[in-house]
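**Q** quick one, what's the 3D model for this:
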Amino acid sequence: MKRKMIVIAFVLFAVTTAFSFAQEEAAAEQVSGSAVKYIAAAVAVGIACIGGGLAVGQIGAAAMGAMSENAELSGKAMPFVGLAEGICLWGFLVGLLILIL
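**A** Next comes the predicted model:
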């Protein structure tokens with residue numbers, strides 16, 4: 001899992017670096033600011049949702065294991081799932097702010 005995250009981070013770094021060099025070289029063709037906004041918003045929402053999904057998966061598995069031993073723990077596990085889903089909401093809000101501002 002760590003290897004996948006490192007590869008994803010490296011690919012994102014390589015793409016952004018190549019994109020910045022391409023902007024410097026292509027002085028005649030200007031990339032519109034809206035295209036960069038859309039890419040940035042998509043990356044913000046995508047990474048936040050991937051992280052939120054991984055967190056909900058881990059928390060959900062742990063909560064099911066705990067509830068199999070003690071059924072009274074179901075109410076205590078739900079706030080943690082909500083916190084993990086909040087990561088996706090924050091990513092959406094950041095993407096929305098990128099597009100608006």
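
**Q** which helices and strands sit right next to the helix ranked longest in the chain?
**A** Secondary structure assigned by DSSP state H gives helix 33-69 as the longest helix of the chain. The contact analysis (3 or more CB pairs under 8 Å, 6 or more residues apart in numbering; DSSP states H and E) places helix 33-69 against helix 74-100. (Glycine included, C-beta is placed from N, CA and C.)

**Q** pull out the buried residues from the helix it packs on.
**A** Using 16 or more other CB atoms under 10 Å as the burial criterion, the residues of helix 74-100 that qualify are 77, 80, 84, 87-88, 91, 94-95, 98.

**Q** want to throw these into a markdown table with pLDDT?
**A** Listed next are the buried residues of helix 74-100 as a markdown table, based on pLDDT from 0 to 100:
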| residue | pLDDT |
| --- | --- |
| 77 | 82 |
| 80 | 87 |
| 84 | 88 |
| 87 | 90 |
| 88 | 91 |
| 91 | 92 |
| 94 | 94 |
| 95 | 93 |
| 98 | 91 |
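
**Q** for residue 39, state which of those is nearest.
**A** residue 98 (9.6 Å; CB to CB).

**Q** residues contacting the closest one?
**A** Residue 98 is in contact with 37, 40-41, 44, counting by CB atoms under 8 Å, 6 or more residues apart in numbering.

**Q** just the buried members of those residues?
**A** When these are checked for burial by 16+ other CB under 10 Å, the buried set is 41, 44.
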